[in-house]
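Peer 1: based on what follows, work out the 3D shape:
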Amino acid sequence: MTGAGLLRDRAATASLLAFALTIPALLWVPTLFHHDPSVISVAAARGYHNGAAHLTIVALVGACIAAAWWFARPDALSPYAAPSARPTSWRVTALQAAAVFAAVAFLYFPPALARYGPFLEEQIHLAAVHRMLAGDAPFEDFEFLYGPLMLYPAYAWLKTTGYTLENFYAYVLAIELAAFAIIIYLVQARLQNIWLRLGAFTLIAALCFNAMLGPNQNGLRKLFGVLILFSVAQAPYARTRWVLHGLGVGALLAYSQEFGAATAIGIAAIYTALFIKTRNTQAIIALAATGAASAVAWLSILAPLLGDNIGAYFESLALLTQRFNAGEAAFPFYWTLSGLAQFALIFLAAWRVGVSLKAPWRGQAFASELMMIGAIAYALVALKSGLSRADQWHIVPTILPIVFAFLLPLPAGAVAIGRRTRIAAAGLIVILAATYSIGQFAIAQYIFRDDGLLPGYKSIARNDPAPAPLAPEPAYPALLAGNYHDLPEIRALSAFISEPPYRGRRVLTYRRGWSRPAFVGALKAGPLADDYIYSDARGEEIVAYLDAHPDTLIFMPPADYAWLRADPDTPPEGPGRSAFYGSPLAQAGAILSSVHAPAIPLEEEQKQLRWRRLVGGYVVQHYRPVFESGPVMVLARDDATGTFSP
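Peer 2: Predicted structure coming up:
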């Protein structure tokens, strides 16, 4: 569509105006609302209400769809026949898939990563599985932000193969291969031209690359819902698929609640539109059948995994949902180049949805229209979570179904996506992928660092001798045992907590180093998964736990201990990577990619102050240092009820 044509198209003009209005609205409207006083976050400190931001975008996208529907001209629409394409050779298809799998295997090669790991968010899962192997139950004994299906397969795998980094990274490799298999399947099924395949795959892969290495950032979490929506859109009345779709949604709910819910709402939107446009009661039957199968599948997965702890799971889910909805751990949203591209894609999709709903469907359902309807509903639901944290890792995955809907052609009815529209969408996706990759670069530096993936390959090539066994042997499995770093201070820490009178005692990590107990062979204590205290009640739980278990040791950075004993007016030291957050790379990322870089320093300060207020004062009153080695100080109880041994 030319510029003049766009102006003559009132539906498109209304959509452009809605997007233009969004730019100031997402900056201004959320500042009019106030947070619960108990909420501590950068967004709360800066007066930005993320829940109001979500409602704002929902209202504006809804208005865009309504305006596009109102102004669309059905008489200007003509039937569309999908162009035929010459099938690609099966040999080419197989070679493409093999090349992708080889690249994934190289990037996530377990022996190379294990030499110097762990690195990033895989530590959340390693710490959780370590506790589970010792008998602790997730959601009951410690919180976990995601569904149990994200955790229990890794637990079963490491229980069977042994708790080592190499075995864990083998699991990561397996789920990364599964995620890229979904991308390959969808791209190859819809695109026959080799260069179009390469372009689409490159863009999608850039948006799904797991630089943080944790299963919580794995593409399966983000792509499985896309696969389900594609299947529903292409065969909404295929009865044999209703149960399969329901099973898929149930599994996704058990894996990642927010993406499962977004997929469920996307399916509901598809069938609701079908019923309204075609008056076919099969749509209602299909929706009911899929919903019932989803609920049964979800509960059938939760029950055997959690057993008697299923109630604790729902309690934890309700608490964390309430805290995040209130604004806990939220970043204020501001416009980056990535954000502009993302929301432009959302409004482009909303325009297509509004026009398609105005067009006569003549009793038929077309995959292109249905997929776009499901994708926009999915995005609006997922943005509830995405706009809370507001960084690129949370906000960009919410529009992956829209990305697929624009990049991969599907059979369409009277409102096929025109060539110019598809080119415009592709241009926005290029911007999104490029800015996302810039934001990822700082995270993905593990590939090039002195202690990362490539050095791991070099160590394998040199045939470096295996590290010396830990002595004495720790009471619990220790990731340090297979680590090729020269870490005499951490080895000394492992030896200290592996000998009487401290051997076998649980360890509470104060703020930083929340995976260190698993690294040195100690068992972590307390209700936290990482270093976030999401409510004052959680802090009270920590103190109550320490009171009830006086044998518990505490790992604390020496700088934190010194700060806790200093003048109360002494400001916190700031984040450990403050130099990075002021670097040119971080500043470029803050403009182009993600809102997190300028927010992290204040968030770290808030966390330090909250830890001191809720736990730190209690610790310095009842505990004293018994050992210090490098970045870790060990504290033990030192009062009449404790068991401190000098």
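
Peer 1: next one, pLDDT for Ala12 please.
Peer 2: You'll see Ala12 listed with a pLDDT of 87.

Peer 1: for the stretch 451-600 of the chain, which segments count as strands?
Peer 2: 506-509, 523-524, 553-556 (DSSP state E, counting those that start in this stretch).

Peer 1: out of those strands, which one sits most buried?
Peer 2: Neighbour counts averaged per stretch over the strands of the stretch 451-600 of the chain are highest for strand 553-556, at a mean of 24; criterion: mean count of other C-beta atoms under 10 Å. Every residue, glycine included, has its C-beta placed from N, CA and C.

Peer 1: from Arg503, how far out is the closest residue to Pro110 other than its chain neighbours?
Peer 2: Computed as C-beta to C-beta, 6 or more residues apart in numbering, the closest residue to Pro110 that is not its neighbour in sequence is Tyr169, at 3.8 Å. Distance from Tyr169 to Arg503, counting by C-beta to C-beta, to the nearest Å: 29 Å.

Peer 1: which residues does Leu287 contact?
Peer 2: When contacts are counted by C-beta atoms under 8 Å, 6 or more residues apart in numbering, Leu287 is found next to Ile267, Ala268, Tyr271, Thr272.

Peer 1: touching stretch 170-182 from outside, list them.
Peer 2: 97, 100-101, 104-105, 107-110, 122, 153-154, 157-158, 161, 205, 208, 210, 213, 215, 218-220, 222-224, 226-227.

Peer 1: and those residues, which of them are buried?
Peer 2: Neighbour-count burial (16 or more other C-beta atoms under 10 Å) is assigned, among the contacts of stretch 170-182, to 100, 104, 107-110, 122, 153-154, 157-158, 205, 208, 210, 213, 215, 218-220, 222-224, 226-227.

Peer 1: got the contact list for the most centrally placed residue in the chain?
Peer 2: Nearest to the mean C-alpha position of the chain, counting by C-alpha atoms, centre = their mean, stands Gln217 at 4.7 Å. Going by C-beta under 8 Å, 6+ apart, Gln217 touches Glu121, Asn210, Ala211, Trp393.

Peer 1: 6 Å instead, please
Peer 2: Glu121, Asn210 (C-beta atoms under 6 Å, 6 or more residues apart in numbering).

Peer 1: flag the shaky bits of this structure, pLDDT-wise.
Peer 2: Across the chain, the ranges flagged by pLDDT under 70 are 1-8, 74-89, 363-364, 414, 574-583, 639-646.

Peer 1: again, only this time at 50
Peer 2: Across the chain, the ranges flagged by pLDDT under 50 are 1-8, 76, 78-85, 576-579, 640-646.

Peer 1: what's the neighbour count on the closest residue to Pro401 other than its chain neighbours?
Peer 2: In this structure, Pro401 finds its nearest non-sequential neighbour in Ala375, 3.5 Å apart by C-beta to C-beta, 6+ apart. Ala375: 32 surrounding residues under other C-beta atoms under 10 Å.

Peer 1: I'd like the numbering to begin with 68 instead of 1 from here.
Peer 2: New numbering, starting at 68: the last item is Ala442.

Peer 1: which strands and helices sit next to the helix or strand hosting Ala442?
Peer 2: Here Ala442, judged by DSSP states H and E, is contained in helix 434-456. On a contact count with 3 or more C-beta pairs under 6 Å, 6 or more residues apart in numbering; DSSP states H and E, helix 434-456 meets helix 117-138, helix 286-301, helix 324-345, helix 404-425, helix 467-474.

Peer 1: most packed of those helices?
Peer 2: Highest mean neighbour count among these (mean count of other C-beta under 10 Å): helix 467-474, a mean of 26.

Peer 1: quick one: distance of that one to the chain centre.
Peer 2: Relative to its parent chain, helix 467-474 has a centroid offset of 18 Å by C-alpha atoms, centre = their mean, to the nearest Å.

Peer 1: and whichever helix or strand comes after that helix, what does it pack onto?
Peer 2: As assigned by DSSP H and E, the chain's next helix or strand after helix 467-474 is helix 486-510. Contact partners of helix 486-510 among helices and strands, from 3+ C-beta pairs under 6 Å, 6+ apart: helix 261-275, helix 404-425, helix 651-659.
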